[in-house]
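K.L.:
compute the structure for the input listed below.
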Amino acid sequence: MLESCPACAELLDVTGFEPFTKVICPKCEQETRVKRQLGKYYLERRHAIGGMSVVFVAEDTTLDRKVAVKVLNEKYSSDETRAAAFESEARLTAAVNHPNIVRIFTVGRDYDRFYLVMELIEGQNFEMMMSKRGALPEDEVLDIALQVAEGLRAANEAGVLHRDVKPGNILFTKDGRAKLVDFGLALITQGGSAQAEEVWATPYYVPPEALEKGEEDFRSDLYAFGATLYHALYGKPPFESTTNATQVLKRAKQTIPRLKKVAPWLSDHTCEAVDRMMAYQPKHRWKSYDEAISILKKARKEAGDSDAQVIHGSARARRRRRRGQSLSFMGGVAALTLAIGGIFFFTKPWKKKDAEPPRSIVEAKPTETKAEEEQFSQEKRRAEAWDSAHSAVAAKDYSSAYDQLITLSESDEQEVATLAFYRIVALLNLYLGNQSARAAEEISQLSKQFNALPKETPGRKKLIKLIETLALSGPIQTNRFSDSPSSIADWTSLLAISLKLWDQGRFSQASELFSQISEAQAQEDHPWFQIYQDQLIHYQHDAALLQKIAQAGRPTDLQETEKQIIEVENAMRQLKTEGRASYTLESRLIRLARIHKGFQLRPYHQPNLTWEELLSVTKQSAQLGNFKKTRGLLTNEVAQSHPEALVAWNYLLTQATAFLVDFHEQGSWTVTAQNGKVMTVHQSHQDGIINTEQELVTWGELSPASLLVAHQKLKNAELLTQHEIAFAWLTGQTDEAETMADELAAKDETFAEKWREVVIGLSQ
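P.N.:
I've put the predicted structure just below:
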């Protein structure tokens, strides 16, 4: 199976590749997608990836509309059971005609892959909504629940069990309509129930009876639906589980707390609706969808009359962030000025003891007053918390360290300078913990705080300069910060910049700073900083690995590519940090894999082809319009051993090449692409045409029939007709070619004799 590179028209053998695979042309190194045309559907981009299939956004070239094309993976395409289930999904989904069920248009097979074409839903799914927002407002969830319940009722009335109701299978259209998708596990009910041979479902939502492969009916879908609503309303799944063991899951489902207990802000009817959907025994669930929908409507009315507010983890986190944002304004302007001038960025170290971060557990000392005793207790607690946070850093539990440092920064008992310092150190742990997105959020908040400081605040300019540096997405000039760091604040700031550089993939710059920071003597007065210096050893180790990989140039052949792939895989196993280093090597590995495919793509590099195999490759190449390159396929010894066939093929390829050259003299003309798009040609090119948008469209991407029609509008001459006959024959338009050949042979005896030789040669 051959395709041509859209950039240079190099012939590529794509037989063994998945649809929409990205490969690198071995000639021009242009990345391109192969196998993008499935029937009349042109794949444009990936939309979603599942365990058994991939969904693409595609263009229906006949009806000129966007659709979703679900393609069964290679692993399952050869599995008769999976292929049958795939076709069954289309049949069962199509059997349910309801606005809250995704529509199925057709089923097909191409490249030995089954695919089904369905309505394209461009909006987000329920799972994405929950992950972004946590627990959702009750009225919003109930509006969605009523729509999904109507869809499930329609499926039940059609005798279909969905068997995989979960947040990820509830999509939303642009106008907010909920649509139930993915009937891949669905069953036709017999007498109201059915029994599956396998359990393929998500543990949080799968009904208990399905775990034992027992009989299932509409109440099984009702259970999964209830578990989905529980998750949406509470903000967490009904239970936590790290295993798929049947007995463990059954016990977990038997001990799920009532919804009212975990989410007391919800209305009684909502909790009743969900709890009864999730009853462990099917007989205790709602007896029909009508009952379930009725209680959901009551709950929706009750929720609409309620002023209850959702309270969950993300809300508490937002409150904590708001409290943290106010730290720069505690203590009044005088204390704030002292803090910024005394602690930050290339100024002298702290002068006041209680303006420093704690160094270790405070030793007991005599106290004279209750106030002194309370102050001592507070200092001890802070020091213990500080040491605990850095024990977590040493153990690489950066998330815990961040949380503890943020808690320290929320204290009202210390100077603003110290509290702000806690925030900077907490920021280090976001970078160390590979949480660059959260680090960016933190930097954004700090930027707002520091820009709000009075202009006369000492050190304000340097402070803003650093925060702006950390907010940069482009290059960072490190020489402005690393000339003469002296205080612990200087070194901490420099460490933050070095980790930012690493996160940007600027490994060389980061490594230079790591070496400088590792040699710093700041730990003499602040031993906690030694813990961070120890972490840099791992980064320097990985920097050396990355440098070695970067020194390898682009491989020049298949063997060199395979060698580099092995080297990258070994480097990945040796990494001591997570995040950017791993991402960089993975990207390198992906590119090498594509280059490796590229070297395997050239069919004429395949040794020991038989005449039949060479003929098959030649025909496929010619159908793509690669006439010059096709002639190159016929230069080996196998082709030379078939002289009559070689003469016939050379004649056809020479004439067809001239057919394309004829267009060079043509003015503005129109042509139709393989995907049905009509375009105006600005000029022709040896590899294709240049359209009015100045895009190169290769000959193989154009409709051969359309090209033939366009060519016939040129000056009608016998020579041009020979060009057309050859082109039509090679591009599969054999009926047209034979008709034109018969007509020309009746008028031209020389051509008639030549055409007899061609026909005889092609039969060899």
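K.L.:
show me what the closest residue to Asn125 other than its chain neighbours is bridged to.
P.N.:
Nearest non-adjacent residue to Asn125, counting by CB to CB, 6 or more residues apart in numbering: Leu171, 4.9 Å away. Bear in mind the C-beta positions are built from the backbone N, C-alpha and C, glycine included. Counting by DSSP bridges, Leu171 forms beta bridges with Asn125, Lys179.
K.L.:
count the neighbours of Leu171 for me.
P.N.:
Using other CB atoms under 10 Å, Leu171 has 24 neighbouring residues.
K.L.:
you'd agree it is up against Ile121?
P.N.:
Yes. Under the criterion of CB atoms under 8 Å, Leu171 makes contact with Ile121 at 4.2 Å.
K.L.:
give the intersection of the neighbour lists for the two.
P.N.:
102, 179, 181 (CB atoms under 8 Å, 6 or more residues apart in numbering).
K.L.:
return the helix or strand in this protein with minimum mean pLDDT.
P.N.:
Here the helix or strand of the chain ranked lowest by mean pLDDT, DSSP states H and E is helix 332-343, holding a mean of 32.
K.L.:
could you identify the helix or strand that succeeds it?
P.N.:
Downstream of helix 332-343, the first helix or strand assigned by DSSP states H and E is helix 370-394.
K.L.:
pull out the buried residues from the following helix or strand past that following helix.
P.N.:
On the C-terminal side of helix 370-394, the closest following helix or strand by DSSP H and E is helix 398-409. Within helix 398-409, the residues that qualify as buried are 398, 400-406, 408-409, counting by 16 or more other CB atoms under 10 Å.
K.L.:
repeat that for stretch 288-300.
P.N.:
Within stretch 288-300, the residues that count as buried by 16+ other CB under 10 Å are 289, 292-293, 295-300.
K.L.:
contacts for it next, please.
P.N.:
Applying CB under 8 Å, 6+ apart, the contact partners of stretch 288-300 are 138-139, 142-143, 145-146, 149-150, 152-153, 156, 218, 222, 267, 269-270, 272-273, 276-277, 286.
K.L.:
mind running it again at 6 Å?
P.N.:
The contact list for stretch 288-300, computed with CB atoms under 6 Å, 6 or more residues apart in numbering, reads 142, 145-146, 149, 153, 267, 269-270, 273, 286.
K.L.:
stretch 212-229 now?
P.N.:
Against stretch 212-229 from outside (CB under 6 Å, 6+ apart): 145, 152, 156, 161-162, 165-167, 192-195, 204-205, 207, 210, 238, 274, 277-278, 282, 285.
K.L.:
drop anything exposed from those residues.
P.N.:
145, 152, 156, 161-162, 165-167, 193-194, 204-205, 207, 210, 238, 274, 277-278, 282, 285.
K.L.:
which ones among the residues you listed are found in helices?
P.N.:
Under the assignment DSSP state H, the buried ones among the contacts of stretch 212-229 contribute 145, 152, 156, 210, 274, 277 to helices.
K.L.:
now for those residues, which pair is the farthest apart?
P.N.:
Ala145 and Ala210 (21.3 Å; CB to CB).
K.L.:
what about the stretch 151-300 of the chain, any weak spots by pLDDT?
P.N.:
Scanning the stretch 151-300 of the chain for pLDDT under 70 picks out 184-201, 241-244.
K.L.:
give the rounded mean pLDDT of the helix or strand Gln600 falls within.
P.N.:
Secondary structure from DSSP H and E places Gln600 in helix 580-601. Averaging pLDDT along helix 580-601 yields 83.
K.L.:
other residues contacting the helix or strand just after that helix?
P.N.:
Following helix 580-601 in sequence order, the next helix or strand is helix 611-623 (DSSP H and E). For helix 611-623, the external contacting residues (CB under 6 Å, 6+ apart) are 2, 11, 603, 630, 633, 638, 730-732.
K.L.:
how about Lys22, secondary structure?
P.N.:
Under DSSP: H, G, I helix; E, B strand; the rest coil, the three-state class of Lys22 is strand.
K.L.:
and the gap between it and Arg113?
P.N.:
To Arg113, Lys22 is 17 Å away according to CB to CB, to the nearest Å.
K.L.:
what pLDDT does the closest residue to Val71 other than its chain neighbours get?
P.N.:
Residue nearest to Val71 in three dimensions, not counting chain neighbours: Tyr115, with 4.6 Å by CB to CB, 6+ apart. Looking at Tyr115, its pLDDT reads 88.
K.L.:
and what of the one 3 residues further on?
P.N.:
The predicted local confidence for Met118 comes out at a pLDDT of 90.
K.L.:
how about Glu3, phi and psi?
P.N.:
Dihedral angles of Glu3 (phi, psi; degrees, to the nearest 10) stand at phi -140, psi 160.
K.L.:
contact partners for it?
P.N.:
Residues in contact with Glu3 (CB under 6 Å, 6+ apart) are 12, 14, 34.
K.L.:
same question, Ile121
P.N.:
Counting by CB under 6 Å, 6+ apart, Ile121 touches 171, 173, 179.
K.L.:
returning to what we had before: and the residue nearest to Val71, what element?
P.N.:
Using DSSP H and E, Tyr115 sits within strand 113-118.
K.L.:
quickly run through the sheet partners of that strand, with directions.
P.N.:
As assigned by DSSP bridges, strand 113-118 forms pairs with strand 65-72 (antiparallel), strand 104-110 (antiparallel).
K.L.:
these: lowest mean pLDDT?
P.N.:
It's strand 104-110: among those, that one has the lowest mean pLDDT, namely a mean of 84.
K.L.:
could you look up the SS state of Val55?
P.N.:
Here Val55 is recorded as strand under three-state DSSP.
K.L.:
ok, now how distant is it from Arg103?
P.N.:
Val55 sits 14 Å away from Arg103, going by CB to CB.
K.L.:
between the two, who's got more neighbours?
P.N.:
Each of Val55 and Arg103 has its neighbours counted (other CB under 10 Å); Val55 has more, 21 against 17.
K.L.:
show me the contacts for the more buried one.
P.N.:
By CB under 6 Å, 6+ apart, the contact set of Val55 is 47-48, 68, 70.
K.L.:
ok, Thr255 - how many residues close by?
P.N.:
9.
K.L.:
chain neighbours aside, what residue packs nearest to it?
P.N.:
Beyond its immediate neighbours in the sequence, the residue positioned closest to Thr255 (CB to CB, 6+ apart) is Phe239, lying 7.4 Å away.
K.L.:
likewise for Arg588?
P.N.:
Computed as CB to CB, 6+ apart, the closest residue to Arg588 that is not its neighbour in sequence is Val568, at 5.4 Å.
K.L.:
nothing else from me, thank you.
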